[in-house]
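# The following block contains a protein sequence and its predicted model.
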Amino acid sequence: MADPRGHAADREALGGSSLHLVGVGDVSKRILLGRKLRSSQLGETLLSKRIALPVFASDALSSVAYAPDEIFIMLSLAGVSAYTMSWQVGLAVAVMMTAVIASYRQTVHAYPSGGGDYEVAKVNLGPTAGTTVASALLVDYVLTVAVSISAAAHYASSGLGALQGHETVLAVLLIGLLAALNLRGVRESGLYLAVPTYLFMASVLGMCAYGLFRLAQGTLPRAESAGLEILEAPGYDGELTTVALLLLLARAFSSGCAALTGVEAISNGVPAFRKPKSANAATTLALLGAIAVTMMMSVIVLAQQMDVRMVDPFQFDRLVDGAGNPVAEQHALLAQIARGVFEGFPPGFYLVVMITGVVLTLAANTAFNGFPVLGSILAEDGYLPKALGSRGDRLAYSNGIVFLGGMSVALVIAFDAQVTRLIQLYIVGVFVSFTLSQLGMVRHWTRNLSLTKDAAERRRMHRSRAINAIGMSMTGAVLVVVLITKFTYGAWITVLVMGFFFLVMRRVHHHYEEVALELAVDEEDRVMPTRVHAIVLVSKLHKPTLRALAFAKATRPNVLEAVYVDTDRVATQQLVRAWDERDFDVPLKVLHSPYREVTRPIVEYAQAIRRASPRGVVAVYIPEYVVGRWWEQLLHNQSALRLKGRLLFAPGVMVTSVPYQLESSQVARERVAREQDRVKAGDLRRGRVVDEDEGRQVRR
């Protein structure tokens, strides 16, 4: 994070003001994010299973709000008759989810450090595979936010007609709100998530249970769209050939596999669990699988029994009423089921619709937890900028949260918050990471088997390897299906972006490797410079200048001189005369500047000294005074800052700022002291505060 002090300079001091304030920006930040947390409080942010479930599993659980929709939309290409295969497609997705969750339960036990798919691929398949998985996960997290928030906006518009047509604006606002929530820290965002996520599970499961009960009683009504007719899409009209039917089922299955997104988030977030971390993460995965499969299959069965009709939002001309007129709009599948099941009880319908919209918004929190953690691991490994590995005031990876929010907003705006368009980009990255991760786990168990002699442990490893091998085979097959069925419908964009991230990460890693080689210590670094030529920059003869001269003398350079840039003939003559009158033992050198430049003459002079003595060092001392009020910062220009920036690129030139605190700087010091002395929550418990007869005092 940038130093909050700021630097300014003007012609009066060739150096200017440094400022450290607790200003309006800091107060606003505290209101938005809450009080700062110390690094020692990191353990307080760890999650129990009951909080971890809504934090990490909300994405996969909430996919019941759009994955069944996509199955019905794809099957609608062949007309209503194809809906009879919806439960078979849903069952295939459920089997796939069961296999993936079983595989990831092995991963969280073997790799509890939180790297997830990336760590598994990197360790077992090499850095290239690891970078490939990382690029897929980064894209997947961005799409998770975009898809979940877009779906939430559409559910909100289903319940509130005034929002129809404004889904994109609403989605952007929701992303901003969620980013701000996560900047407050993972534990607090988990507490906010718990109630609505559990309420969502209860309302949807309750709706499905009541709907299935009415189905058994023969009182289940038809959906609001049941009376509409679906026209077959071009190429699917008439009797389907076997190839066309298989292609249709493959497209429906690949779209329904959106329900698997978010499963990997738990393996990436194992460090956020309380101990025992692996056991708690594995239990949470099992709960996720059981709940998600139950909800999805119940919704699909009810939708089929209620004769729901759905088409691609961009093909509304295929959904017509009894008179053959195209409909103007269609509601989400879950909304149609809720309206029918809770017929005559509007509160039930509104509860399901509104809580679904809320949870879809919060489901993006899975990505806001996974992306920053993965970004910090990649930053530590040198594949992303180091800034992504820094924790903010609330111990969250703030830079990763802000970056994810910005990318998601751009995607939502670009695709106008249309879920069907975004979901075509969604599945590729998920199954790339799934497949490579499971392949890495197979190699992990194979390597460990060769090193283990205990019979019971070998049986456990054989079982784990078999589970991961089955998962790898299934996810690999689905990846092929997804690429074939979705490539021309937008999946090529995901492949392109993944390639871009891959190249960027490799280039960043190459840069850090080059920097490390250049910074490595060798014998030449022991060689002392032959001489030190010190320069003290002068603009006027005042206290900051004298302090800089004294400090430069204390360093005992071989050569010491004061340097002044002549931009005004009269001012130059006055300074020279004053310098001679005081009889300094330091010579004053005047650099003429016909174009009134200050920075260029100094830089060129320093470089000339360096060229004359290649093995020597040029030390430049810049007098700098410190002010304490923010408005004083605005009264000085940035010439010293520009000069420092130029000198940093001059080989063999060292720059030193010599501060001189003005009286107003006391304002800033007193403000900082008051902030440090202020009694904060928990200080008494931590022993920082004691009660005495004269009042409460802070221990120094």
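Yes, it's here. Residues are numbered from 1 along each chain as shown.
# Strands of the protein, start to end?
Ranges of strands in the chain, per DSSP state E, are 229-230, 319-320, 532-538, 559-566, 588-592, 617-626, 653-661, 689-692, 695-698.
# Show me the one of these that comes nearest Ala134.
Among the strands of the chain, strand 653-661 comes nearest to Ala134, with 38.0 Å by Cβ to Cβ. C-beta coordinates here come from the backbone N, C-alpha and C atoms, glycine included.
# In the stretch 301-450 of the chain, where is pLDDT below threshold?
Residues of the stretch 301-450 of the chain that meet the criterion pLDDT under 70 lie in 314, 316, 328, 390-396.
# quick one: the helices in it?
Listed in chain order, the helices of the stretch 301-450 of the chain (DSSP state H, counting those that start in this stretch) span 333-341, 346-363, 365-380, 398-414, 419-423, 427-449.
# so which of the ones you listed comes closest to Gly645?
helix 398-414 (23.2 Å).
# returning to that earlier point: can the helices of the stretch 301-450 of the chain go into TSV with extra columns for mean neighbour count and distance to Ile101?
Below are the helices of the stretch 301-450 of the chain laid out as TSV (neighbours: other Cβ atoms under 10 Å; distance: least, Cβ to Cβ, whole Å):
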stretch	mean neighbour count	distance to Ile101
helix 333-341	25	23
helix 346-363	22	17
helix 365-380	26	15
helix 398-414	21	25
helix 419-423	23	21
helix 427-449	24	11
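# Pipe those helices into TSV and attach distance to Ala265 per row.
TSV is the format used below for the helices of the stretch 301-450 of the chain (distance: least, Cβ to Cβ, whole Å):
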stretch	distance to Ala265
helix 333-341	22
helix 346-363	10
helix 365-380	5
helix 398-414	13
helix 419-423	18
helix 427-449	11
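# Of the ones you listed, give the one that comes closest to Phe56.
Here helix 365-380 is closest among these (Cβ to Cβ), at 5.9 Å.
# Which strands and helices lie in contact with the closest one?
Applying 3 or more Cβ pairs under 8 Å, 6 or more residues apart in numbering; DSSP states H and E, one finds that helix 365-380 contacts helix 49-62, helix 116-125, helix 127-159, helix 167-183, helix 186-217, helix 265-268, helix 398-414.
# between the fourth one and helix 127-159, how big is the angle?
What that stands for is helix 167-183. 120 degrees (axes from the mean of the first three to the mean of the last three Cα atoms, to 10 degrees).
# Thr485 against Ala250, yeah?
Yes - shown here, Thr485 and Ala250 form a contact pair, counting by Cβ atoms under 8 Å, at 5.1 Å.
# If you count surrounding residues, which of the two has more?
For Thr485 versus Ala250, neighbours defined as other Cβ atoms under 10 Å are more numerous around Thr485 (22 against 19).
# Okay, the more buried one and Leu479: tell me how far apart.
11 Å (Cβ to Cβ, to the nearest Å).
# Can you list the low-confidence ranges for the stretch 151-300 of the chain?
Residues of the stretch 151-300 of the chain meeting the criterion pLDDT under 70: 159, 161, 184-193, 235-238, 240, 268.
# switch the cut-off to 80
By pLDDT under 80, the weakly predicted segments of the stretch 151-300 of the chain are 154-166, 181-194, 232-242, 244, 258, 261-272, 274.
# give me phi/psi at Val598?
Per-residue torsions, Val598: phi -110, psi -40 (degrees, to the nearest 10).
# Nearest spatial neighbour of it, chain-adjacent residues omitted?
Val565 (5.0 Å; Cβ to Cβ, 6 or more residues apart in numbering).
# returning to that earlier point: how about the helices and strands packed on helix 365-380, which one is nearest Gly322?
Between the helices and strands packed on helix 365-380, helix 127-159 lies closest to Gly322; by Cβ to Cβ that is 23.2 Å.
# relative to helix 333-341, how tilted is that closest one?
Going by the same axes, to 10 degrees, helix 127-159 makes 40 degrees with helix 333-341.
# what sits against the closest residue to Gly165 other than its chain neighbours?
Among residues not flanking Gly165 along the chain, Ser157 sits closest, at 7.8 Å (Cβ to Cβ, 6+ apart). By Cβ atoms under 8 Å, 6 or more residues apart in numbering, Ser157 lies in contact with 163-167, 170.
# Mind putting those residues into TSV with neighbour count and distance to Val576?
Formatted as TSV, the contacts of Ser157 follow (neighbours: other Cβ atoms under 10 Å; distance: Cβ to Cβ, whole Å):
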residue	neighbour count	distance to Val576
Leu163	17	74
Gln164	12	77
Gly165	9	74
His166	14	70
Glu167	23	72
Leu170	22	69
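# And those, which is closest to Leu439?
Glu167 (39.1 Å).
# I'd like the contacts of Ser157 as JSON lines, with distance to Phe434 appended.
Formatted as JSON lines, the contacts of Ser157 follow (distance: Cβ to Cβ, whole Å):
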{"residue": "Leu163", "distance to Phe434": "35"}
{"residue": "Gln164", "distance to Phe434": "36"}
{"residue": "Gly165", "distance to Phe434": "37"}
{"residue": "His166", "distance to Phe434": "36"}
{"residue": "Glu167", "distance to Phe434": "30"}
{"residue": "Leu170", "distance to Phe434": "32"}
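# ok, those vs Ile71, which is closest?
Scanning these for proximity to Ile71, where the rule is Cβ to Cβ, the winner is Glu167, at 22.0 Å.
# how close does the closest one get to Ile413?
From Glu167 to Ile413 the distance is 11 Å (Cβ to Cβ).
# Repeat that for Val243.
39 Å.
# Could you do Lys589 as well?
Between Lys589 and Ile413 the distance is 58 Å, computed by Cβ to Cβ.
# same deal with Ile427?
Relative to Ile413, and taking Cβ to Cβ, Ile427 is found at 22 Å.
# same check, this time on Ser81
38 Å.
# Among the helices of the stretch 301-450 of the chain, which comes closest to Thr572?
Closest among the helices of the stretch 301-450 of the chain, once you apply Cβ to Cβ, is helix 398-414, at 47.6 Å.
# Residues contacting that closest one, please?
Residues contacting helix 398-414 (Cβ under 8 Å, 6+ apart): 141-143, 145-146, 149-150, 168, 171-172, 175-176, 178-179, 182-183, 364, 367-368, 371-373, 375-376, 387-388, 390-392, 422.
# Would you pull up how far it lies from the middle of the chain?
8 Å (Cα atoms, centre = their mean, to the nearest Å).
# tell me the angle that helix makes with helix 167-183.
Using the same axes, to 10 degrees: helix 398-414 against helix 167-183 is 170 degrees.
# Make residue 1 into 271 and carry on from there
In the new numbering, first residue 271, that becomes helix 668-684.
# Using PDB, list the CA coordinates for helix 668-684.
C-alpha atoms of helix 668-684 as PDB (Å, rounded to 0.1, in the frame of the first residue of the first chain):
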ATOM      1  CA  SER A 668      -8.000  -6.400  -0.400                       C
ATOM      2  CA  ASN A 669      -6.300  -5.900  -3.800                       C
ATOM      3  CA  GLY A 670      -7.600  -9.300  -5.000                       C
ATOM      4  CA  ILE A 671     -11.100  -8.400  -4.000                       C
ATOM      5  CA  VAL A 672     -11.000  -5.100  -5.800                       C
ATOM      6  CA  PHE A 673      -9.500  -6.600  -8.900                       C
ATOM      7  CA  LEU A 674     -12.200  -9.400  -9.000                       C
ATOM      8  CA  GLY A 675     -14.900  -6.800  -8.600                       C
ATOM      9  CA  GLY A 676     -13.600  -4.700 -11.400                       C
ATOM     10  CA  MET A 677     -13.300  -7.600 -13.800                       C
ATOM     11  CA  SER A 678     -16.800  -8.900 -13.000                       C
ATOM     12  CA  VAL A 679     -18.400  -5.400 -13.500                       C
ATOM     13  CA  ALA A 680     -16.700  -5.200 -17.000                       C
ATOM     14  CA  LEU A 681     -18.000  -8.700 -17.900                       C
ATOM     15  CA  VAL A 682     -21.600  -7.900 -16.700                       C
ATOM     16  CA  ILE A 683     -21.700  -4.700 -18.700                       C
ATOM     17  CA  ALA A 684     -20.200  -6.400 -21.800                       C
END
